[in-house]
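A.B. asks: I need the structure of the sequence given here:
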Amino acid sequence: MHDRSRPPWWLDEVAHAGAEHLDEKYVAGYERKAAYDPSEDVAALRASGIGGDSTIVDLGAGTGVFAMAMAPHCRRLVVVDVSPAMVDVLRAKADAAGADHIEVVRMGYLDRDLDAVIEPGSVDAVFSRNALHQVPDFWKVVALVRIARLLRPGGILRLRDLTYEMEPATVEEEIEAWIAGALVDDPRLGYTAAELAEHVRLEHSTFTWLLEPMIERCGFEILDRDVRRSAYVTYTCRVAGRESS
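C.D. replies: From the prediction side, this is the model:
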C-alpha cells in the first residue's frame with residue numbers, strides 16, 4: 001500500500017475491506033459467486049459518451065470483470081483495489097490480455113496518494129461496484145469528494161452498491177423479505193441468507209434517502225437510478241453544473 005501521508009485519524013481501508021476479500025481462496029471463487037455481467041455497465045458508459053479516447057478509473061475493481069469488458073472501449077484504464085489477492089488476479093489478467101493501457105494499482109478510495117497516480121480532472125468516467133458500502137457514511141462522503149475531484153468537467157460516475165430503498169417504518173419487514181429472497185444455499189454459487197444477514201449486521205450500506213443527498217452534496221447530479229429488490233441500486237451521475245463536451 002501507498003498512503004504514507006495518512007494521518008492517525010484516517011480510516012484503514014484494508015481493515016474495512018472484509019476479510020474474505022483478502023483471502024486468496026475466496027478470491028479464486030469470487031467471479032462464480034458474484035455472477036456479475038458487466039454488459040449493462042459497459043453499455044451505460046458508452047451511451048454516456050465514454051469511448052476510445054477516454055480515461056476510466058475502476059475503483060474497488062475486484063477481479064476485474066468490468067475492467068476487462070471495458071478495456072477495448074477506452075484509451076486508458078486505471079484499475080484500483082485495496083486487496084493484495086484481488087490485485088494479483090487483476091495484474092495476471094492484464095498481462096494475459098497484453099493490454100498496455102491497463103494500469104493496476106493497489107490502493108483504495110481514500111488513499112491520499114491516489115492523486116499522484118491519477119491526475120485530478122483527467123478522468124472521463126469512474127466505475128465502482130459493491131465497494132462503497134465497506135466504509136461508514138463519513139468516509140463515503142470523503143470518497144465521493146475525491147472521485148469528483150478526479151473527474152473532468154462533465155465526467156461520469158457509475159455507482160452500483162447494496163443500498164436500502166425502504167422507509168424507516170418498514171425496515172424490519174423489508175430486510176427480512178430481502179434476506180428470505182436469497183437464491184442459493186451454497187455460498188460458492190451466490191450469496192446465502194446467512195451472508196445477507198451478516199452484511200446487514202456488520203457492513204455499512206445506507207438508505208437511498210441518505211446516500212443520494214450525499215452524492216449531490218459532493219458535487220454530482222444524479223442522471224439515472226435503477227432500484228432492484230429494495231436493497232440494490234445503480235446510479236449514473238455527472239459532475240454537477242458542468243456539461244460534458
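
A.B. asks: which strands or helices does the helix or strand hosting residue 227 pack on?
C.D. replies: Assigned by DSSP states H and E, residue 227 falls within strand 220-228. Under the contact criterion of 3 or more C-beta pairs under 8 Å, 6 or more residues apart in numbering; DSSP states H and E, strand 220-228 touches helix 208-217, strand 232-239. Every residue, glycine included, has its C-beta placed from N, CA and C.

A.B. asks: my guess is residue 13 meets residue 112, correct?
C.D. replies: No - Residue 13 is not in contact with residue 112 according to C-beta atoms under 8 Å; the separation is 11.1 Å.

A.B. asks: compare the two and say which one has the larger neighbour count.
C.D. replies: Ranked by neighbour count (other C-beta atoms under 10 Å), residue 13 and residue 112 place residue 13 first, with 23 against 15.

A.B. asks: look up how far residue 188 lies from the more buried one.
C.D. replies: 26 Å (C-beta to C-beta, to the nearest Å).

A.B. asks: residue 48 too?
C.D. replies: 35 Å.

A.B. asks: the more surrounded of these two?
C.D. replies: In this view residue 48 and residue 188 are compared by other C-beta under 10 Å, and residue 48 has more residues nearby, 20 against 10.

A.B. asks: quick one, what contacts residue 146?
C.D. replies: Contact partners of residue 146, counting by C-beta atoms under 8 Å, 6 or more residues apart in numbering, are 109-110, 114.

A.B. asks: what about 10 Å?
C.D. replies: 59, 109-112, 114-115, 120, 126, 218 (C-beta atoms under 10 Å, 6 or more residues apart in numbering).

A.B. asks: and if you look at residue 210?
C.D. replies: Per C-beta under 10 Å, 6+ apart, neighbours of residue 210: 137, 140, 163-164.

A.B. asks: which one of those residues is nearest residue 234?
C.D. replies: Relative to residue 234, the closest of these is residue 163; by C-beta to C-beta it sits at 9.2 Å.
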